[in-house]
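*Asks:* Structure, please.
(chains A, B, C and D)
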Amino acid sequence: MTQKTKLWSSFKEAVADIPDGSTIAFGGFAMPGTPFNLIKALLEQGAKRLTLVANTTGGAQQPRMPDIGMLVENGQVAKVICAFTAATRPTDVLPFTKYYESGEVDAELVPQGTLAERMRAAGAGIPAFYTPTAVGTELAEGRETRVINGREYLLEYALPLDYAFIRARTADTAGNLRFHRAQRNFNPVMATAARCTIAEIDEPIVPAGSIDADDVHTAGIYVHRLVQVPPAPEGIWPAKRQEKKR
Amino acid sequence: MTQKTKLWSSFKEAVADIPDGSTIAFGGFAMPGTPFNLIKALLEQGAKRLTLVANTTGGAQQPRMPDIGMLVENGQVAKVICAFTAATRPTDVLPFTKYYESGEVDAELVPQGTLAERMRAAGAGIPAFYTPTAVGTELAEGRETRVINGREYLLEYALPLDYAFIRARTADTAGNLRFHRAQRNFNPVMATAARCTIAEIDEPIVPAGSIDADDVHTAGIYVHRLVQVPPAPEGIWPAKRQEKKR
Amino acid sequence: MSGTKGLNRQQMADRVAREFQDGWIVNLGVGIPTMCSNTDIGDRDITYHSENGVIGYGGVAAAGEEDLNLVNAGGQNVTLKPGAAVVHHADSFGVIRGGHIDATVMGAYQVSMTGDFANWKLKGQKGGGIGGAMDLAACARRVFIILEHVTRDGSPRLVTACDLPVTARGVVTLVATNYGLFEPTGTGFRLREIAPGLTVDEIRAVTGGTLTVADGLREIAVGG
Amino acid sequence: MSGTKGLNRQQMADRVAREFQDGWIVNLGVGIPTMCSNTDIGDRDITYHSENGVIGYGGVAAAGEEDLNLVNAGGQNVTLKPGAAVVHHADSFGVIRGGHIDATVMGAYQVSMTGDFANWKLKGQKGGGIGGAMDLAACARRVFIILEHVTRDGSPRLVTACDLPVTARGVVTLVATNYGLFEPTGTGFRLREIAPGLTVDEIRAVTGGTLTVADGLREIAVGG
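*Replies:* Below you'll find the predicted structure:
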């Protein structure tokens, strides 16, 4: 099940079997590490009633790249679990926001660190943990807290995934990954939490053993499908953000 | 407080200010990554009533290297938190065992993964978490458990440290570390959990920027004091284990 | 921002940045807080941490020299300083939650006299934009806030109690506005330094709770 | 071990190793379980994981070619297979606790008919040697045990209930002894395969609970 079978020849094939109702996480923070090509393939594949997990739903910046908001606009999404249902600046607008406000799509708003830790917990077999984050806020209302050593903490549960869509710089045929700079972000964490991790890879995939064991960022045991990103325009690559006038 | 002040010229100076009653963790799993030179320096420094945290107390293998058992024999230790108070093979004997059995030194026996996770939690601001490990065993007797999604879990608390003694292959002047192979083990985890991390380094310490940001195993923000290990016999290096006849 | 009284955006950021001590690890929020990294604070060595796991980033990359895979929390293409390290998101929030951030600087809509603040949700809004703000607010050793002293309609942003949903309670230790530098006292705010051209009475009129004034009140140094 | 009936140590390990399926991630405990990596199971690709964070280690290093910083859980100097990766201890037990280990093979003092087993503490001992055994036992997808069928004084090690402190409860799915291959059934043990030279009655006499026998009971293939 290693080597040959981890290499997939197209994004279309790599997402073809994803069933309706799946929970799928998307790596990426701003542009780096965002699996643009897998998002595009999922838009075309058409799976429905999805629960999506990501830092944000996208679309506040220009140029607009394939994002979760497009999956929402495409009618594929039941719920989003994220740290932003609206943009931080009141003047920015996320395409997703109106679907949430109208009740068409559900959302669970989670602080970014709690979101990352809930997936780390799922991958590491921790069913629940306590955190100081969000204590005393609206997000903690009606929820279980506990005082430990004199401080109040909120109970949070693991967030397991069916699929993780991620992007890395380098991969070997065993599925070991390396990320470049801020490309890393949520990607290694999501890979551990998912039953099936699909990675889009910037560079040609190298033979197992080409990445030194000490230099691996995500172990191949967590990565199930690899697709190399073709050059633009066929493949989608991070673009330079257009700064808005304020 | 970076650059110059992270470089210490001797193990003796690096441990000189450690007060009685400190909680100190020691990296290492078998020989790799064990801070032999810092243990030796602490033996000479003489701090008392220490709580020590490590995988094991050492001394079951030959040749015997500086280990926690020696600190116990030297009368410096009040308590050990570890995964072995006795060896796995009944025929092996840990020098520590008799101090524990006689009640001279206290011990808290913790499953190895729980031990690692408790320190990871301390470093990551998680005061407590649930784990399936040790449920239904003697270690769980009288302790708080909780059923989550139909499975029983044990509540475990973070284990914060005053000091972490660790060993790495490479360091830069900012304190960024790289470990070689199985040298990594507990070391990066302990570094995050300690108020002060002291690292003994195999190779000459390189200028900040010499280790690429993508290749750092432990970020310099977690490392406070660096001492380069001198060549043997002045410095202590892993030795080839002598296999016992069975 | 033109037309507002007192300090401009960069001057507010400058005043906060001058609080940073040598060796600190600092997280700067999106917007004005980012400008703290422009301030000249001599040879103090500050490590800037970004939520996405970049520890030790430097200035914004020069045009044409951007690495499109290297951004700060605001999505700007930045550079790395020597000694930088990259970690993943769970480890990055381990840095935050574990108390390893000496100071975080954030924007806000409101700060209360008890050190609560609000910056993630507008009145009547469903949902909001939390990002890493709640983690930083609850866990950084010091929470510094930069905001305009009054709203567009002239209401105080330094209030007795936040009427917007809070980000964290009792955590703010320092507030820089265009009018001055303040500390929440529990019963009001203490004016530590005043912006050029402002009077204490002017400030008192638009500040919630009791305004106390530091002995030998100094004017905030601007420029330089 | 000479003088014991039935399979020798390597043959017990061989029989368990032949259960490993292509693509599995396997953790081998110290002692006899380590010998599973010597077994020829054709071109099945097994990734061996060690508690200290080595994922994908290979055979023991040849004399003179040891890397003294590369050991397996037993402290032996091993090699790496192509595609190996190293992680730290918390991540390594994340692999275990997260259910990513397809099978763990351990030694034990006792296994009960309900799938409990004991391997960390002797009777009357204060403390013991847990290591990673409880994590592996509670969290691996399959727990396979290898042990001698009877104690030195001839008592069963496959028992109705462990009288030694258990490592985990209800987790063992397969047991290889020098007498045969067994599965705990809840009310006893099912003999799946028998060692050459043993009879069912001989085994029944030294096995706790009800011994049931697989249809068309096969002899364990040894050697080759």
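*Asks:* Setting aside sequence neighbours, what's the nearest residue to the residue nearest to the spatial centre of chain C?
*Replies:* Nearest to the mean C-alpha position of chain C, by Cα atoms, centre = their mean, lies C:Val105 at 2.9 Å. Nearest non-adjacent residue to C:Val105, counting by Cβ to Cβ, 6 or more residues apart in numbering or on different chains: C:Pro33, 3.9 Å away. Glycine gets a C-beta too; all of them are placed from N, C-alpha and C.
*Asks:* In three-state terms, label the one you found for me.
*Replies:* Three-state call for C:Pro33 (DSSP: H, G, I helix; E, B strand; the rest coil): helix.
*Asks:* what's the offset of the helix or strand encompassing C:Phe93 from the middle of its chain?
*Replies:* Secondary structure from DSSP states H and E places C:Phe93 in helix C:89-97. In terms of Cα atoms, centre = their mean, to the nearest Å, the centre of helix C:89-97 is set 19 Å apart from its chain centre.
*Asks:* What are the contacting residues of it?
*Replies:* A:29, A:112-113, A:116-117, A:119-120, A:131-133, A:184-186, A:189, B:120, B:123-126, B:192, B:219, B:221, C:25, C:27, C:49-53, C:55, C:87, C:101, C:104, C:132, C:135-136, C:138-140 (Cβ atoms under 8 Å, 6 or more residues apart in numbering or on different chains).
*Asks:* from those residues, which are also near chain D?
*Replies:* Among the contacts of helix C:89-97, the residues within reach of chain D (Cβ under 8 Å from any Cβ of the partner chain) are A:Arg120, B:Arg120.
*Asks:* Which residues are in contact with C:Gly132?
*Replies:* Residues counted as contacts of C:Gly132 (Cβ under 8 Å, 6+ apart) are A:Ala83, A:Pro111, A:Gln112, A:Gly113, C:Glu51, C:Ala73, C:Phe93, C:Ile96.
*Asks:* quick one: the helices in chain C?
*Replies:* Here chain C has its helices, by DSSP state H, at C:9-17, C:89-97, C:133-139, C:200-205.
*Asks:* Just put those in a markdown table and tack on mean pLDDT.
*Replies:* Converted to a markdown table, the helices of chain C look like this (pLDDT from 0 to 100):
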| stretch | mean pLDDT |
| --- | --- |
| helix C:9-17 | 97 |
| helix C:89-97 | 98 |
| helix C:133-139 | 98 |
| helix C:200-205 | 98 |
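*Asks:* And for C:Asp40, the neighbour number?
*Replies:* Neighbourhood size, C:Asp40 [other Cβ atoms under 10 Å in any protein chain shown]: 9.
*Asks:* okay, C:Ile25: pLDDT?
*Replies:* Here, the pLDDT recorded for C:Ile25 equals 98.
*Asks:* and it, how many neighbours does it have?
*Replies:* 22.
*Asks:* Okay, it and C:Gly99: tell me how far apart.
*Replies:* Using Cβ to Cβ, to the nearest Å, one obtains 10 Å as the distance from C:Ile25 to C:Gly99.
*Asks:* What residues of the helix or strand of chain A with the lowest mean pLDDT count as buried?
*Replies:* Taking mean pLDDT, DSSP states H and E as the measure, chain A has helix A:97-101 as its least confident helix or strand, at a mean of 94. By neighbour count on 16 or more other Cβ atoms under 10 Å in any protein chain shown, the buried set for helix A:97-101 is A:Thr97, A:Tyr99, A:Tyr100.
*Asks:* Beyond it, next helix or strand please.
*Replies:* strand A:106-109.
*Asks:* Could I get the buried residue list for that next one?
*Replies:* Residues A:Ala107, A:Leu109 are the ones in strand A:106-109 that count as buried (16+ other Cβ under 10 Å).
*Asks:* what does stretch A:105-121 give?
*Replies:* Using 16+ other Cβ under 10 Å as the test for burial, stretch A:105-121 gives A:105, A:107, A:109-121.
*Asks:* Start and end of that stretch, how far apart?
*Replies:* 26 Å (Cα to Cα, to the nearest Å).
*Asks:* Tell me the gap between that stretch and the middle of its chain.
*Replies:* Using Cα atoms, centre = their mean, the offset of stretch A:105-121 from its chain centre is 11 Å.
*Asks:* Any stretches of chain C with poor pLDDT?
*Replies:* Along chain C, segments meeting pLDDT under 70 span C:1-4, C:223-224.
*Asks:* near chain B, anything from stretch A:28-47?
*Replies:* No: residues of stretch A:28-47 are not located near chain B by Cβ under 8 Å from any Cβ, the shortest gap being 12.3 Å.
*Asks:* For that stretch, list the C-alpha coordinates in PDB.
*Replies:* Taking C-alpha atoms only, stretch A:28-47 is exported to PDB below (Å, rounded to 0.1, in the frame of the first residue of the first chain):
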ATOM      1  CA  GLY A  28      -3.600  26.800   4.400                       C
ATOM      2  CA  PHE A  29      -3.300  30.100   6.100                       C
ATOM      3  CA  ALA A  30      -3.700  33.000   3.600                       C
ATOM      4  CA  MET A  31      -2.200  31.600   0.400                       C
ATOM      5  CA  PRO A  32       0.700  29.400   1.600                       C
ATOM      6  CA  GLY A  33      -0.200  25.800   2.000                       C
ATOM      7  CA  THR A  34      -3.700  26.100   0.600                       C
ATOM      8  CA  PRO A  35      -4.700  23.100  -1.600                       C
ATOM      9  CA  PHE A  36      -6.100  25.200  -4.400                       C
ATOM     10  CA  ASN A  37      -6.000  22.400  -6.900                       C
ATOM     11  CA  LEU A  38      -7.800  19.900  -4.700                       C
ATOM     12  CA  ILE A  39     -10.500  22.500  -3.900                       C
ATOM     13  CA  LYS A  40     -11.000  23.000  -7.600                       C
ATOM     14  CA  ALA A  41     -11.300  19.200  -8.200                       C
ATOM     15  CA  LEU A  42     -13.800  18.900  -5.400                       C
ATOM     16  CA  LEU A  43     -15.900  21.700  -6.900                       C
ATOM     17  CA  GLU A  44     -16.000  19.700 -10.100                       C
ATOM     18  CA  GLN A  45     -16.600  16.400  -8.300                       C
ATOM     19  CA  GLY A  46     -19.700  17.700  -6.700                       C
ATOM     20  CA  ALA A  47     -19.900  15.800  -3.300                       C
END
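*Asks:* Can you get me a residue count around A:His180?
*Replies:* The number of residues near A:His180, taken as other Cβ under 10 Å, comes to 22.
*Asks:* The one 3 residues further on now?
*Replies:* Other residues within reach of A:Gln183, judged by other Cβ under 10 Å, total 31.
*Asks:* Contacts only, for it.
*Replies:* Counted by Cβ under 8 Å, 6+ apart, A:Gln183 has contacts A:Pro32, A:Gly33, A:Arg167, A:Ala168, A:Arg169, C:Asn69.
*Asks:* ok, those residues vs chain B, which is closest?
*Replies:* For these, the residue nearest chain B by Cβ to the nearest Cβ is A:Arg169; the value is 8.7 Å.
*Asks:* Can you give me the separation between that closest one and chain C?
*Replies:* Separation of A:Arg169 from chain C (Cβ to the nearest Cβ, to the nearest Å) stands at 8 Å.
*Asks:* same deal with A:Ile68?
*Replies:* Distance, A:Ile68 to chain C, by Cβ to the nearest Cβ: 14 Å.
*Asks:* which one in chain C is furthest away from the centre?
*Replies:* Largest separation from the mean C-alpha position in chain C: C:Gly64, at 29.7 Å (Cα atoms, centre = their mean).
*Asks:* cool, chain A as well?
*Replies:* A:Gly150 (35.1 Å).
*Asks:* picking up where we left off before, want to try JSON lines for the helices of chain C, with mean neighbour count as columns?
*Replies:* As requested, the helices of chain C are exported to JSON lines (neighbours: other Cβ atoms under 10 Å in any protein chain shown):
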{"stretch": "helix C:9-17", "mean neighbour count": "22"}
{"stretch": "helix C:89-97", "mean neighbour count": "28"}
{"stretch": "helix C:133-139", "mean neighbour count": "29"}
{"stretch": "helix C:200-205", "mean neighbour count": "15"}
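*Asks:* got the contact list for A:Asp162?
*Replies:* Residues near A:Asp162 by Cβ under 8 Å, 6+ apart: A:Ile18, A:Ser22, A:Thr23, A:Ile24, A:Ala194, A:Arg195, A:Cys196.
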